[in-house]
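Novice: give me a model of this one.
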Amino acid sequence: MIDIYTDGGCSGNPGPGGWAYVIINNKAQIKNNKESESVLIAEKCGAEKSTTNNRMELMAVISALEYLRSGQVAAGDPTPHSPFPTPQLTIITDSQYVQKGMTIWIKDWKSRGWKTSGKDPVKNQDLWQLLDTLAAEFSINWVWVKGHAGNKYNERCDALTQKAIASI
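Specialist: Coordinates of the predicted model:
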C-alpha cells in the first residue's frame with residue numbers, strides 16, 4: 001500500500017507559501033521474524049511567492065500524484081517504470097478542505113458547472129480540476145488527520161513546508 005502524506009501552508013494568507021509530500025510504501029514485510037518498517041519512496045517540497053494556504057494544500061497532493069504518474073519509482077526502485085504499478089493509494093492530509101473537497105464537495109461542484117451552492121465560482125477551480133483529473137487515474141482513499149498532533153509523516157511534511165516557505 002502506498003501512503004502519501006501532504007501539507008501546505010503560508011506565511012500570511014495570502015503570502016509566501018510552501019507545500020510538501022512524503023510518499024511511503026506502508027506494506028509491512030516479515031524478515032527474520034520481524035516486521036519491517038515503512039519504506040520511504042520520495043519526499044519533495046516547493047514554494048510560491050504569493051499564494052494561499054488552500055492552494056498550497058492542493059499543490060502538495062497534485063505534485064505527489066504527478067510524481068507517481070510520471071512512473072519514476074516503483075516501491076522504492078529508482079529505475080523508470082511506467083505506468084506506476086500500484087494505483088491504490090491512501091492520501092493523508094491535515095486539510096479538511098482537500099479531504100472533503102475530494103470526497104464530498106467536488107461531485108456537486110461538477111454537477112453545477114464548477115459553481116458553489118451559492119452560485120459563485122469555485123475557488124481554486126484550476127487546481128481542483130487538475131486534481132480531479134489526476135485522481136481519476138488511481139484508486140484513492142482520502143484520510144484526514146489532525147495537524148501538529150505527533151503523526152510522524154504529517155510532521156515531516158510540515159517541516160518540509162516550512163523549509164520551502166523559508167527558501168523564498
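Novice: bridged to residue 90, which residues?
Specialist: Beta-bridge partners recorded for residue 90 (DSSP bridges): residue 3, residue 141.
Novice: these two touch, right, it and residue 144?
Specialist: No. Judged on C-beta atoms under 8 Å, residue 90 makes no contact with residue 144 at a distance of 11.5 Å. C-beta coordinates here come from the backbone N, C-alpha and C atoms, glycine included.
Novice: got phi/psi on the residue lying closest to residue 6 once chain neighbours are set aside?
Specialist: Using C-beta to C-beta, 6 or more residues apart in numbering and skipping the chain neighbours, the partner closest in space to residue 6 is residue 60 (3.7 Å). Here is the backbone geometry of residue 60 (degrees, to the nearest 10): phi -60, psi -50.
Novice: roughly how far apart are residue 60 and residue 12?
Specialist: Going from residue 60 to residue 12 by C-beta to C-beta, to the nearest Å gives 18 Å.
Novice: buried residues of the longest strand that the chain contains, list them for me.
Specialist: Scanning the chain for the longest strand, with DSSP state E as the assignment, gives strand 39-51. Of all the residues in strand 39-51, those buried under the rule 16 or more other C-beta atoms under 10 Å are 41, 42, 43, 45, 46, 47, 48, 51.
Novice: circling back: show me which of residue 60 and residue 12 is the more surrounded one.
Specialist: residue 60 (31 against 11; other C-beta atoms under 10 Å).
Novice: ok, now how distant is the more buried one from residue 161?
Specialist: For residue 60, the distance to residue 161 - C-beta to C-beta - is 8 Å.
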